[in-house]
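K.L.:
With the sequence up front, the predicted model follows.
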Number of protein chains: 2
Amino acid sequence: MRQPEPEPQSFDRVLSSMCTEPHPDARAAAERFLATNPGDPATYESVAELEARAVEGLATLAAHSAPADAAGYVTSGGTEANVQAVRSARNRHGGSDGNEVNVVAPASAHFSFTKAAEVLGVELRTVPLDDDFRADVDAVAAAVNDGTALVVGVAGSTEYGRVDPIPELAAIAEEVGARFHVDAAWGGFVLPFTDHAWAFADAAVDTLTIDPHKYGQAPVPAGGLLAREDAALDALAVDTPYLESRSQATLTGTRSGAGVAGAVAAMDALWPDGYREAAERAADNADWLADELADRGYRVVEPELPLVAADVPESEFESLRDAGWKVSRTGAGELRVVCMPHVTRSALRAFVDDLDRIRR
Amino acid sequence: MRQPEPEPQSFDRVLSSMCTEPHPDARAAAERFLATNPGDPATYESVAELEARAVEGLATLAAHSAPADAAGYVTSGGTEANVQAVRSARNRHGGSDGNEVNVVAPASAHFSFTKAAEVLGVELRTVPLDDDFRADVDAVAAAVNDGTALVVGVAGSTEYGRVDPIPELAAIAEEVGARFHVDAAWGGFVLPFTDHAWAFADAAVDTLTIDPHKYGQAPVPAGGLLAREDAALDALAVDTPYLESRSQATLTGTRSGAGVAGAVAAMDALWPDGYREAAERAADNADWLADELADRGYRVVEPELPLVAADVPESEFESLRDAGWKVSRTGAGELRVVCMPHVTRSALRAFVDDLDRIRR
């Protein structure tokens, strides 16, 4: 017996998500490729070709000014990309026989690194942040040792949108023979339009997470893992009997062709000018909201990338949720607003108006 | 600069895939929920509600005649479900301190178990099959020990479509205190219409993989993991700061609402009569093809579930691929045809006609 169909949410009041409304071209491409599986490239040949184009597009973004020749694949999301980066580094790490392999990451790293450590049986060494929520370089230097397979830097942190000192962290990793991973899952489609050092051209980055289904305006599921060298992916390969292809470096098996096709269509439509405009609009919106909240006496964490955190009391937060605003909190309890492409200035005005009404 | 758009393949000549054309209702639902993320249920509430319905639907299938109250979630596919079953069993396994935990699986188990073992750092003990490609019960009994966290049975093997002796394997697992997992990723939507013992009502099954995006006629990505007890999922939970939900038991983070909505729509449309008809049609097609191939003198592995393997020489296999047929081979080199819902009798007739032309 059929039950009434629930409706997908409107994005009008979604201020908590790091995903967004897909670009119309991306939606159309995803719908065309809904019934394909890039995990079986010998059967689904055209989507395999599209995946090569997706990786080329992502590598172009991540290359900044350097040539775009990174290896990689379209993942189910940032979590898979981060887990795979840890797995690759673990598998490539020599010289720690008898010792547990460790991964050193700032406290701001996404919880997928906790998941990765648990799944992969490696020790996660979480190091403190500096006063502005970035990885503390001295703390990272003190935490690494011979057993360190991977150092993680975050370029656009989940809670405060901060960019770690990537070149400094890369240098620390290099000193102890560890790999270096940058998690730009959320920031990767904004960072090319800033002065931040974050990608292959800026430092000795081994692997990088960059998700089309966040600021890239592709539909879910379209994450991205890039690697400077093929060897990073080779370390993930498992034999695939019965598929007419040699091996598989992904964590999942069957994968979504819709995500791959959507990612390519979004990048075709938006790189670079559309992404630049979206990044500038998002930055303006974040600055505007930060000012409005500061004017009302809230303690605001100054936005670096387009994400605003502010010390809004619990009761006001709950009232905002009751009013239909999808907002979330940092671990420290601050209100957190992610200025994604679907978040318009007029939505933010309505949000601030509701906040004023609640405070009255 | 835009490149010409490749077209998604037609399913007309796809005989190698365990995925299929989605049901029209499932495609429509997937398109409506393309921009949702069940990994963030506090933001995307309606898709979280749909996921509960998807799990209920899967549990109904897997319950056979018993009540449908299994726990579970919609995975990215069978690989994630199998990896998670191994991870849950590993995490719940006590008493093997100092010894490596092991998983015992038949040689017919999908390569995702190889991947799981490598990722999770457990030993995979692969045991031989009997003469008809099913798990050899004595070999499984000989392989288990105190370190065995999980015994795996396959209900619809990837290469030959065989169903292992599930109750016997469950009993072996119980004897050594191991969990028992059934991989019915491909077979799960066909088995309820057969006499096979395969699911919760038939044996002490702890976890089960059953994929809507295979015979369930849902679009990718929609796999399914079911568990008899909530504790199996609790063993996978990782804390999720900044999401307004407590924890996350999935392997991936952001997930596809399209897959979830598509799975629900497919089950609403097809359970049970539509699935029964599809299963019967597929079985008839497999029997027909097996007879045609046997008539031509090929050694055929008699179909149990709707999958035909036959000893077609390499040169003929290559000619079939050249003629546009998407076919694949077993590890032993046999031609392998998977009779999915999109595979019609007339397509199989055309396939046999092409084979006759090639043999001339």
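P.N.:
Structure received. Numbering: from 1, shown residues only, chains lettered A, B, ... in the order given.

K.L.:
can you give me the helices in the stretch 201-350 of chain A?
P.N.:
Under the criterion DSSP state H, counting those that start in this stretch, the stretch 201-350 of chain A contains helices at A:230-234, A:257-270, A:273-295, A:314-322, A:345-359.

K.L.:
Out of those, which gets nearest to residue B:322?
P.N.:
helix A:257-270 (23.9 Å; Cβ to Cβ). The C-beta positions use only the backbone N, C-alpha and C, and glycine is treated the same way.

K.L.:
and the closest one, what other elements does it pack with?
P.N.:
helix A:24-32, helix A:45-63, strand A:71-75 (3 or more Cβ pairs under 8 Å, 6 or more residues apart in numbering or on different chains; DSSP states H and E).

K.L.:
Determine the angle, from 0 to 180 degrees, between that helix and strand A:71-75.
P.N.:
Angle of helix A:257-270 versus strand A:71-75, following axes from the mean of the first three to the mean of the last three Cα atoms, to 10 degrees, is 110 degrees.

K.L.:
so what's whichever residue of the stretch 251-360 of chain A sits closest to chain B closest to, chain neighbours aside?
P.N.:
Of all residues in the stretch 251-360 of chain A, the one sitting closest to chain B is residue A:253 (3.5 Å; Cβ to the nearest Cβ). The shortest distance from residue A:253 to any non-neighbouring residue, by Cβ to Cβ, 6 or more residues apart in numbering or on different chains, is to residue B:79 (3.5 Å).

K.L.:
ok, back up a step: which one of the helices and strands packed on helix A:257-270 lies nearest to chain B?
P.N.:
Nearest of those to chain B, taken as Cβ to the nearest Cβ: helix A:45-63 at 3.8 Å.

K.L.:
chain center to the closest one, what's the gap?
P.N.:
A distance of 17 Å separates the centroid of the chain from that of helix A:45-63, by Cα atoms, centre = their mean, to the nearest Å.

K.L.:
That helix - what's its average pLDDT?
P.N.:
Helix A:45-63 shows a mean pLDDT of 86.

K.L.:
Just the residues contacting it, thanks.
P.N.:
Defining contact as Cβ atoms under 8 Å, 6 or more residues apart in numbering or on different chains, one finds that helix A:45-63 is touched by A:33, A:36-38, A:41, A:68-74, A:184, A:188-189, A:192, A:199-201, A:208, A:210, A:212, A:222, A:224, A:226, A:257, A:260-261, A:263-264, A:267-268, A:271, B:3, B:6-9.

K.L.:
Show me which residues of that helix are buried.
P.N.:
For helix A:45-63, burial by neighbour count (16 or more other Cβ atoms under 10 Å in any protein chain shown) applies to A:46-48, A:50-51, A:53-55, A:57-63.

K.L.:
ok, and residue A:182, which helix or strand is that part of?
P.N.:
Using DSSP states H and E, residue A:182 sits in strand A:179-183.

K.L.:
anything in that strand sitting right up against chain B?
P.N.:
No - against chain B, strand A:179-183 shows no contacts by Cβ under 8 Å from any Cβ of the partner chain, the least distance being 11.9 Å.

K.L.:
and that strand, what other elements does it pack with?
P.N.:
Using 3+ Cβ pairs under 8 Å, 6+ apart, strand A:179-183 is in contact with helix A:78-92, strand A:148-154, helix A:166-175, strand A:207-209.

K.L.:
Deepest in the core, which of the helices of the stretch 201-350 of chain A is it.
P.N.:
For these, the largest average neighbour count (mean count of other Cβ atoms under 10 Å in any protein chain shown) is found in helix A:257-270, namely a mean of 29.

K.L.:
ok, now which ones touch the nearest residue to residue A:161 once chain neighbours are set aside?
P.N.:
Among residues not flanking residue A:161 along the chain, residue A:307 sits closest, at 3.3 Å (Cβ to Cβ, 6+ apart). For residue A:307, the contacting residues are A:160, A:161, A:286, A:336, A:337, A:338, A:339, by Cβ under 8 Å, 6+ apart.

K.L.:
Check residue A:307 and give its pLDDT.
P.N.:
For residue A:307, the predicted pLDDT is 98.

K.L.:
any idea how far residue A:352 is from it?
P.N.:
Computed as Cβ to Cβ, to the nearest Å, the residue A:307 to residue A:352 distance reads 17 Å.

K.L.:
what is the residue lying closest to residue A:240 once chain neighbours are set aside paired to in the beta sheet?
P.N.:
Sequence neighbours aside, residue A:248 is the residue nearest to residue A:240 in space, at 4.9 Å (criterion: Cβ to Cβ, 6+ apart). Beta-bridge partners of residue A:248, counted by DSSP bridges, are residue A:238.

K.L.:
what does the stretch 151-300 of chain A have sitting close to chain B?
P.N.:
Within the stretch 151-300 of chain A, the positions lying close to chain B (Cβ under 8 Å from any Cβ) are A:158-159, A:211, A:213, A:219-221, A:223, A:238-244, A:248, A:251-259, A:261, A:268.

K.L.:
Now, of those residues, which are buried?
P.N.:
A:158-159, A:211, A:213, A:219-221, A:223, A:238, A:240, A:242-244, A:248, A:251-259, A:261, A:268.

K.L.:
phi, psi of residue A:14?
P.N.:
Backbone torsions for residue A:14, taken as degrees, to the nearest 10, come to phi -90, psi 110.

K.L.:
Make a PyMOL selection of the buried ones in the contacts of helix A:45-63.
P.N.:
Provided next is the PyMOL selection string for whichever of the contacts of helix A:45-63 are buried by 16+ other Cβ under 10 Å:
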select buried, (chain A and resi 33+36+37+38+41+68+70+71+72+73+74+184+188+189+192+199+200+208+210+212+222+224+226+257+260+261+263+264+267+268+271) or (chain B and resi 6+8+9)
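
K.L.:
Quick one: find the helix or strand in chain A with the lowest mean pLDDT.
P.N.:
Sorting the helices and strands of chain A by mean pLDDT, DSSP states H and E puts strand A:247-248 at the bottom, at a mean of 83.

K.L.:
so how far is that one off the chain centroid?
P.N.:
The answer for strand A:247-248 is 24 Å, by Cα atoms, centre = their mean.

K.L.:
and that strand, what does it pack onto?
P.N.:
Counting contacts by 3+ Cβ pairs under 8 Å, 6+ apart, strand A:247-248 packs against strand A:238-239.

K.L.:
dump the residue contacts of the spatially closest residue to residue A:141 that is not a sequence neighbour.
P.N.:
Counting by Cβ to Cβ, 6+ apart, residue A:172 is the residue found nearest to residue A:141 once chain neighbours are left out, at 5.1 Å. Shown in contact with residue A:172 (Cβ under 8 Å, 6+ apart): A:137, A:140, A:141, A:144, A:151.

K.L.:
Which one of those sits in the busiest neighbourhood?
P.N.:
Highest neighbour count within these, by other Cβ atoms under 10 Å in any protein chain shown: residue A:151, with 32 neighbours.
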